[in-house]
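J.: Give me the fold of what follows.
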Amino acid sequence: GLLSTKRDAYGRLILGDIITSVNGKKVSNGSDLYRILDQCKVGDEVIVEVLRGDQKEKIPVKLEPKPDET
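T.: A predicted model of the protein is given here:
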């Protein structure tokens with residue numbers, strides 16, 4: 001999986017979460033994640049499955065533009 005590097009105040013993705021899949025597609029490394037997200041558009045909502053500690057969680061995430069794309 002891929003370690004999350006962003007903390008969210010609303011309890012979604014937090015530092016230490018390991019991303020294991022996006023929309024049911026396995027994520028083993030950064031290349032997998034980018035390949036999956038390249039097929040999505042800004043504004044789409046994806047389901048990110050993470051390993052948080054010893055528990056799996058499915059988290060809906062709305063895709064937003066990078067700060068330099070606004």
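
J.: partners of the residue nearest the centre of the chain in the sheet?
T.: The centroid of the chain falls nearest to Val48 when counting by CA atoms, centre = their mean (4.8 Å). On the basis of DSSP bridges, Val48 is bridged to Val22, Ile59.

J.: Kindly provide the distance from it to Glu57.
T.: Going from Val48 to Glu57 by CB to CB, to the nearest Å gives 9 Å. From N, CA and C alone the C-beta is placed, and that goes for glycine too.

J.: What's the local residue count around Gln39?
T.: Gln39: 11 surrounding residues under other CB atoms under 10 Å.

J.: try Asn29
T.: Other residues lying near Asn29 total 10 when counted by other CB under 10 Å.

J.: For Glu57, see how far away it is.
T.: For Asn29, the distance to Glu57 equals 20 Å [CB to CB].

J.: got it, and Arg12?
T.: Counting by CB to CB, the gap from Arg12 to Glu57 is 9 Å.

J.: hey, where'd the helices end up in the chain?
T.: With helices called from DSSP state H, the chain shows them at 30-37.

J.: can you map out the strands along it?
T.: 2-3, 18-22, 25-26, 45-52, 55-62 (DSSP state E).

J.: got the contact list for Lys25?
T.: Residues counted as contacts of Lys25 (CB atoms under 8 Å, 6 or more residues apart in numbering) are Asp32, Ile36.

J.: Could you measure from it over to Leu13?
T.: Per CB to CB, Lys25 is found 17 Å from Leu13.

J.: same thing with Glu64?
T.: Going from Glu64 to Leu13 by CB to CB gives 13 Å.

J.: Mind checking which of those two has more residues around it?
T.: More crowded of Glu64 and Leu13, by other CB under 10 Å: Leu13, with 19 against 10.

J.: looking at it, that one is touching Lys58, isn't it?
T.: No - using CB atoms under 8 Å, Leu13 is not in contact with Lys58; the gap is 11.7 Å.

J.: which residues do those two both contact?
T.: In terms of CB under 8 Å, 6+ apart, Leu13 and Lys58 are both contacted by the residues Val48.
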